[in-house]
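> Below is the sequence, then the predicted model.
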Amino acid sequence: MVSKHSIKIMIAMMIIVVVFISSFLVVVPLKAGATTITVKADGEGDYTSIQDAVNNASEGDTIFVYEGIYHERVIINKAIMLLGESKEKTVIDGKGKMEDVCSVVSLTHNNILLEGVTITNGDGNGIMVGEYVDQNVIKNCIITSNSGAGISLRKCSDQNVIENCTIGSNKGAGIVLSYHNSNNVIINCTISGNSIGVYIYQSSDNNITRCNLIRNQDGVSIDRASNNRIHHNNFVKNMGQAWQQASFNYWDDDVGGGNYWSDYVGEDADGDGIGDTPYNISGGGKDNYPFMKPLDLGLPEEEKSVGKFVVQPIIIIILIVIIIVSVMVGGITYRGRRKQKEKQLQEHIPEEVNPLMVVCPYCRASFQITPTKKPFKAKCPKCSKISMLR
């Protein structure tokens, strides 16, 4: 039988255990009454304007935007979620709507989720993340055809995530991290056809992974920025694949995984899928573990061609044929021009001319001839030798 004293000891121990465990728990207060606000261009939602919905939302609310084209610029200045019905068909078009703001969408607060929209036609940037703004997520978006960058993170913007976005055909860089941005993550994005895929300036400890960087003027450019990690990406047919200046960065994960480079010409003697020699980065740095084949990151089929360039026999035959034809055409053209010139010379001598007194170059005898064309031959009546006269 358990004594009362033992029971009291057991109860005290249980209380101590509960208190100890609870000290490790974090209580996250939930906002009461968080609501979903709808935006629909035809007037069937709560608002027809995304900005009106943002202005009337409270912290923690969700704004759901139906398919449609919304000609406006949007400033999100509170911690909300803005979700599009379809990233292809929910379009925020900034053309002619920039006014004093140079970005189509501006995030000026922490803890914003922007997902599922197309952002296009900005006179400046597609998306701007403001100074000292942290922990935002830009996800499943299309950012295209903007005059500036696709996405630009301003000074001291940290711990943001850009995930599963398609960023292309922007006149500036696809993504810009500038002036002390750190611990940002760019993951599972396709970045193509921009002046620079990703530009990092004076920013550190950022990560670019599992992205396709295709046909940009430069894939990744890093200027005076260090300790950034770029690995497990496909670099395909960029005019300059990667470049860094006054920087030290990591182009692999240190344990056997780097990036795929479409212009890598190294060998893989042991067949492990990793090149035997590093891929050198322009300006310094190297990828110690370059992949021999593209990573499975949704790379378009037309961009998956691998291997060194080999001159095929058919190419050689075509080149030979082109050379032969060029020589033949050149010869025919030369002969044609020569005959035309001779004909022009003949046409300039009249049919009836006065007799001409000439001197034989052999016997120095003088005699008279009547020339009919030029040049012409004349036979000396004294020595009977024939001379060519011009």
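That came through, no problem.

> mind listing what the spatially closest residue to A246 that is not a sequence neighbour touches?
Once flanking residues are discounted, A246 sits nearest to R224: 4.7 Å by CB to CB, 6 or more residues apart in numbering. All C-beta atoms are positioned from the backbone trio N, CA, C, and that covers glycine. Applying CB atoms under 8 Å, 6 or more residues apart in numbering to R224 gives the contacts 201-202, 245-247.

> In a markdown table: these, plus neighbour count.
Compiled in a markdown table, those are given as follows (neighbours: other CB atoms under 10 Å):
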| residue | neighbour count |
| --- | --- |
| Y201 | 17 |
| Q202 | 17 |
| Q245 | 12 |
| A246 | 12 |
| S247 | 22 |
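
> which of these lies closest to D276?
Of all the contacts of R224, D276 sits closest to S247, with 26.0 Å by CB to CB.

> List the residues that contact that closest one.
222-226, 283-285.

> gap between the two ends of stretch 220-240?
End-to-end distance of stretch 220-240 (CA to CA, to the nearest Å): 8 Å.

> just so I have it, where are all the helices in the stretch 251-390 of the chain?
Using DSSP state H, counting those that start in this stretch, the helices of the stretch 251-390 of the chain run over 313-347.

> Not counting its own residues, what contacts stretch 44-53?
37-42, 56, 63, 65-66, 70, 72-75, 82, 92.

> Inside strands: which ones of those residues?
37-39, 63, 65, 70, 74-75, 82, 92 (DSSP state E).

> Most neighbours among those residues, which one is it?
Using other CB atoms under 10 Å as the neighbour test, those are led by I92, with 29 neighbours.

> so where's the stretch 201-350 of the chain shaky on pLDDT?
Scanning the stretch 201-350 of the chain for pLDDT under 70 picks out 306-316, 329-334, 338-339, 341-350.

> Report the contact partners of I191.
Here I191 is in contact with 150, 167-168, 174-175, 197-198, 211-214, 216 (CB under 8 Å, 6+ apart).

> Could you do S221 as well?
By CB under 8 Å, 6+ apart, S221 lies in contact with 173, 196, 198-200, 240, 242-244.

> correct me, but I151 touches V176?
Yes - between I151 and V176 a contact is recorded at 7.2 Å, counting by CB atoms under 8 Å.

> Among those two, which residue is more densely surrounded?
I151 (32 against 24).

> how much space between the more buried one and I186?
The gap separating I151 from I186 is 9 Å, by CB to CB, to the nearest Å.

> Now the common contact residues for the two.
Joint contacts of I151 and I186 (CB under 8 Å, 6+ apart) are 162, 175.
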